[in-house]
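# quick one, fold the following:
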Amino acid sequence: LREYFKKAIKGYHYISAEPIKEAKWEEINKQIFIKSGIEVFNPKSGSHESGCDLKTSIGQFSNKTTKKNKTRYEISSYRLTTVCSVGHFGEVSEIVKEINKRNKSFEYYSILGRDEIDESIEYKWFIIPKTFIELSSFSWTPMIGKRGDYKGVQNGWETNTVNGIKLKITFSMSSQLWMSIDTESISQFIVSDSQVNLSDKEIDYIDLFERLKI
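Numbers count the residues shown, from 1 in each chain. Model prediction:
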């Protein structure tokens, strides 16, 4: 996994200077697993179960990408408008129940974190057991807005910090669930890392076609 991760990251950036995000990471992660001898069972496009992105012979994965912000990763997750919103704050028990329901479709988070520094990007790949983020360990409290239309009123929910992780739901962002993770708290789950210099980009799509055409 380490070897093919480094090759995949370098290979991607031979062509593209854009950071690896979302669907690109899912495709690259799939390639790494297959090259490493891990079978991937591909769902048809658009038929993903909520939460699950890759089904493999070693488990089911939810793929996430995030940019490092000082010492933390901020990771977006489900929209929870069915159980909480501006007009309906919701009950903590129902919110947790809904998150747990969606989490049933996978066993691991496959997280690609990146730290963008000048003309380089340092990537780190983490495989984190879902159980490391145990919802029953968190205490939820109303999140009060500090500016604009939401100043002084509830604009979501937030938790205490457990294992370096804090959760929050923001009504003004479609009741999106966010995970704020201290980078050191998940260092035990790192699979591999790779640093690329964006100035090393060697070819474009036309070059690739001309080199590989039969």
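
# quick one: name whatever helix or strand follows the one helix or strand Ile181 maps to.
Using DSSP states H and E, Ile181 sits in strand 176-182. Per DSSP H and E, the first helix or strand lying C-terminal to strand 176-182 is strand 190-197.

# what comes up buried for that next one?
190, 192-194, 196 (16 or more other Cβ atoms under 10 Å). (Each C-beta comes from the backbone N, C-alpha and C, glycine too.)

# distance to Val86 added to these, as TSV?
Below are the buried residues of strand 190-197 laid out as TSV (distance: Cβ to Cβ, whole Å):
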residue	distance to Val86
Ile190	38
Ser192	42
Asp193	41
Ser194	42
Val196	42
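
# the strand holding Ile181 pairs with which strands?
Strand pairing for strand 176-182, using DSSP bridges, gives strand 72-79 (antiparallel), strand 165-170 (antiparallel).

# buried sites along the first one?
Residues of strand 72-79 classed as buried by neighbour count (16+ other Cβ under 10 Å): 72-73, 75, 77-78.

# which one of these is nearest Lys124?
Within those, the smallest distance to Lys124 is 9.3 Å, found for Tyr73 (Cβ to Cβ).

# surely the closest one and Ile111 touch.
Yes. Tyr73 is within contact range of Ile111, at 7.3 Å (criterion: Cβ atoms under 8 Å).

# overlap in contacts, those two.
Thr66 (Cβ atoms under 8 Å, 6 or more residues apart in numbering).

# what's the helix or strand for the residue nearest the centre of the chain?
In the chain, the residue lying closest to the centroid (Cα atoms, centre = their mean) is Lys64, at 1.8 Å. Element membership of Lys64 [criterion: DSSP H and E] is strand 59-69.

# average pLDDT for that strand, rounded please.
Taken as a whole, strand 59-69 carries a mean pLDDT of 96.

# list the buried residues of it.
60-66, 68.

# that strand pairs with which strands?
Short version: by DSSP bridges, strand 59-69 pairs with strand 54-56 (antiparallel), strand 72-79 (antiparallel), strand 108-117 (parallel).

# report the backbone C-alpha coordinates of that strand in PDB.
C-alpha atoms of strand 59-69 as PDB (Å, rounded to 0.1, in the frame of the first residue of the first chain):
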ATOM      1  CA  GLY A  59     -13.700  -3.900   4.300                       C
ATOM      2  CA  GLN A  60     -15.900  -1.000   3.300                       C
ATOM      3  CA  PHE A  61     -14.500   2.500   3.200                       C
ATOM      4  CA  SER A  62     -15.700   6.100   3.300                       C
ATOM      5  CA  ASN A  63     -13.300   8.300   1.300                       C
ATOM      6  CA  LYS A  64     -12.600  11.800   2.600                       C
ATOM      7  CA  THR A  65     -10.100  14.500   1.600                       C
ATOM      8  CA  THR A  66      -9.100  17.500   3.600                       C
ATOM      9  CA  LYS A  67      -6.700  20.400   3.700                       C
ATOM     10  CA  LYS A  68      -4.600  20.900   6.900                       C
ATOM     11  CA  ASN A  69      -5.600  24.000   8.800                       C
END
